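K.L.:
just to be clear, the model below is a prediction. Sequence and coordinates:
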2 protein chains.
Amino acid sequence: MAIGKPAQQAPAGEPTGRRQPLNRQRVLSAALAYADRHGLAGLTMRRLGTELGVEGMSLYKHVADKDALLDGIVELLWAEVPAGPAPDAGWRQALRNFADGLYRVFGRHPIVAPLIATRNFVNIEVLRRYQAYLELLRQTGFDRRRGLDAIGAVVGQGVGYGLLALRYTDPAPQTAEPESNLQRIRRITRTLPADVPDPLVELAVDLTSECDTDRCFAISIDALLAGLAPGPA
Amino acid sequence: MAIGKPAQQAPAGEPTGRRQPLNRQRVLSAALAYADRHGLAGLTMRRLGTELGVEGMSLYKHVADKDALLDGIVELLWAEVPAGPAPDAGWRQALRNFADGLYRVFGRHPIVAPLIATRNFVNIEVLRRYQAYLELLRQTGFDRRRGLDAIGAVVGQGVGYGLLALRYTDPAPQTAEPESNLQRIRRITRTLPADVPDPLVELAVDLTSECDTDRCFAISIDALLAGLAPGPA
DNA sequence: ACCTGAACACCGTTCAAGT
DNA sequence: ACCTGAACACCGTTCAAGT
């Protein structure tokens, strides 16, 4: 679909400039945007190449291989999360913001964000953020180990709920038209065995509509933060 | 690798029986076992076929396509989670067990379990469990909506921590030999830019060794359960 | 009813060759 | 320095044909 001519016009954002050479950054953000729109399965070295006005093989000059491309996308996603605590925030407020920022990434990139949970996790953007929040925690009396545990706790929650919110609603992101309620029910039911009892179908429908994951997330992040405390041992 | 002859011997567990025809169940569990050992990228319709002593194309008689195969694997993973509350358990204990069972699946299937978070979420095994635990919550005074929220909360946590625990340790699951500490450091560092400051490298190393995700998980599930309460509105 | 062979339209990746 | 063309070894999937 949408192959056609190699798109000689102007690849992405240049108004006129013929073709400034590619670089890693441009390749990565084009990849993120392309996957957002065409799905992860649609993201292909060849197709991404033509999107950028180039043969797919040229991309190997800027990323080692497709794995590196996907890991690079994950870095870009993390870059959307607040890089550190606001200057006047207490540690609970800061961690809440951190988790919330992470959670929101899943809402903005419903198709791509799950890569955060499946690809290589420890990248430079992650480390910068861990470092910044850890610094605040240490100032508040957490030792390093407890600080890392606390950060892990809120990150686990952000990722977990982010994913769950997507999976409940899932998987009809591709099309432009928002589907009708009836269409949603049929889509969900279709993947189930034919003889599934009615109460379970009802449950499936409720899950995909009534469950307020945003509120769930807020509740549980508050509960978690209440359960954490500074100090060693 | 390991292609060779079509493995006429005996596919998986039969001691003698020539070749009882395949069925969906056998295909799915073979797929899970194969992916556990050879990675998700290694799981190929053709390779899974030869593993089962059959051409890859024959599998399409038993699963619609590869997507259906992966969704089926997710069902198998959920089937390892306790199907309902123990008869004498209070609701908090029951939900803790539920979340814990889910969390442990990620430990048993480090390569495959992330499919839980990326594939179609609402399947028959999920619904059965939601139904069973919801029933208990209703008996304890939760209304349906609050009950679903509570279940969503613990599931989000189980999935989130399960994934995080994997991602911290990640991604050297393939080989038989457990890697040395030094190997681990080098592997982690390799994906980072060359000029990354030392404190961040130190952080990366600590993350992959010192962080006690099991304890993190226990703490935060307790905090969460303490923050939940029965009742409507 | 279940499986096979051959074919189609794609992949990721390599490498010598172009400019 | 950056990109292209052609090639290789694989994919998922289809379908007529076999037993």
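P.N.:
Done, it's in.
K.L.:
quick check: domain ranges of chain A?
P.N.:
Domain segmentation of chain A under automatic domain parsing yields A:20-63, A:78-169+A:208-233.
K.L.:
now the end-to-end length of the first one.
P.N.:
The first and final residues of domain A:20-63 sit 17 Å from each other (Cα to Cα, to the nearest Å).
K.L.:
residue contacts, the residue lying closest to A:Leu115 once chain neighbours are set aside?
P.N.:
Nearest residue to A:Leu115, sequence neighbours excluded (Cβ to Cβ, 6 or more residues apart in numbering or on different chains): A:Val74, at 5.2 Å. Placement of C-beta: from N, CA and C, glycine included. For A:Val74, the contact set (Cβ atoms under 8 Å, 6 or more residues apart in numbering or on different chains) comprises A:Leu115, A:Ile116, A:Arg119, A:Asn120, A:Asn123.
K.L.:
which single one of those residues is nearest to B:Asp195?
P.N.:
A:Asn123 (14.4 Å; Cβ to Cβ).
K.L.:
low pLDDT regions in chain A?
P.N.:
A:1-19, A:170-179, A:210, A:232-233 (pLDDT under 70).
K.L.:
swap in 90 and give it another go.
P.N.:
A:1-22, A:165-196, A:205-213, A:215-216, A:219-220, A:223, A:227-233 (pLDDT under 90).
K.L.:
A:Cys216 against B:Gly152, yeah?
P.N.:
Yes. In this structure, A:Cys216 is within contact of B:Gly152 by Cβ atoms under 8 Å, at 5.0 Å.
K.L.:
state which helix of chain A is the longest.
P.N.:
helix A:144-169 (DSSP state H).
K.L.:
residues of it that come out buried?
P.N.:
A:146-169 (16 or more other Cβ atoms under 10 Å in any protein chain shown).
K.L.:
next: stretch A:100-111.
P.N.:
Using 16+ other Cβ under 10 Å as the test for burial, stretch A:100-111 gives A:Asp100, A:Gly101, A:Leu102, A:Tyr103, A:Arg104, A:Val105, A:Phe106, A:His109, A:Pro110, A:Ile111.
K.L.:
what's the farthest-apart pair in these?
P.N.:
A:Asp100 and A:Ile111, at 20.8 Å, using Cβ to Cβ across the buried residues of stretch A:100-111.
K.L.:
quick one: which of the contacts of A:Val74 is nearest A:His62?
P.N.:
Nearest to A:His62 among the contacts of A:Val74, counting by Cβ to Cβ, is A:Asn123 at 17.1 Å.
K.L.:
please name the nearest non-neighbouring residue to the closest one.
P.N.:
Per Cβ to Cβ, 6+ apart, closest to A:Asn123 is A:Glu75, 5.0 Å.
K.L.:
and the helix or strand containing the one you found, which residues are buried?
P.N.:
Assigned by DSSP states H and E, A:Glu75 falls within helix A:66-78. By 16+ other Cβ under 10 Å, the buried positions in helix A:66-78 come out as A:Ala68, A:Leu69, A:Leu70, A:Asp71, A:Gly72, A:Ile73, A:Val74, A:Glu75, A:Leu76, A:Leu77, A:Trp78.
K.L.:
up against DNA strand D, what does chain A have?
P.N.:
Within chain A, the positions adjacent to DNA strand D are A:Arg19, A:Pro21, A:Leu22, A:Gly49, A:Val54, A:Glu55, A:Met57, A:Ser58, A:Lys61, A:His62 by Cβ under 7 Å from any atom of the strand.
K.L.:
show me which of those residues are buried.
P.N.:
Of these, these count as buried by 16+ other Cβ under 10 Å: A:Leu22, A:Gly49, A:Val54, A:His62.
K.L.:
now those residues in TSV, with secondary structure and distance to DNA strand C?
P.N.:
Shown next, in TSV, are these (DSSP: H, G, I helix; E, B strand; the rest coil; distance: Cβ to the nearest atom of the strand, whole Å):
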residue	secondary structure	distance to DNA strand C
A:Leu22	coil	13
A:Gly49	helix	8
A:Val54	coil	12
A:His62	coil	12
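K.L.:
looking at these, which one is closest to chain B?
P.N.:
A:His62 (14.5 Å; Cβ to the nearest Cβ).
K.L.:
what's the closest non-adjacent residue to the spatially most central residue of chain A?
P.N.:
Residue closest to the mean C-alpha point of chain A, counted by Cα atoms, centre = their mean, is A:Ala113 at 2.3 Å. Spatially, and ignoring its direct neighbours in sequence, A:Ala113 is nearest to A:Phe106 (4.3 Å; Cβ to Cβ, 6+ apart).
K.L.:
does that neighbour lie in a helix or a strand, and which?
P.N.:
helix A:91-108.
K.L.:
distance to B:Leu136 for the buried ones among the residues of chain A next to DNA strand D - can I get that in TSV?
P.N.:
As requested, these are exported to TSV (distance: Cβ to Cβ, whole Å):
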residue	distance to B:Leu136
A:Leu22	57
A:Gly49	54
A:Val54	58
A:His62	54
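K.L.:
just flag the most distant two among those residues.
P.N.:
A:Gly49 and A:His62 (10.8 Å).
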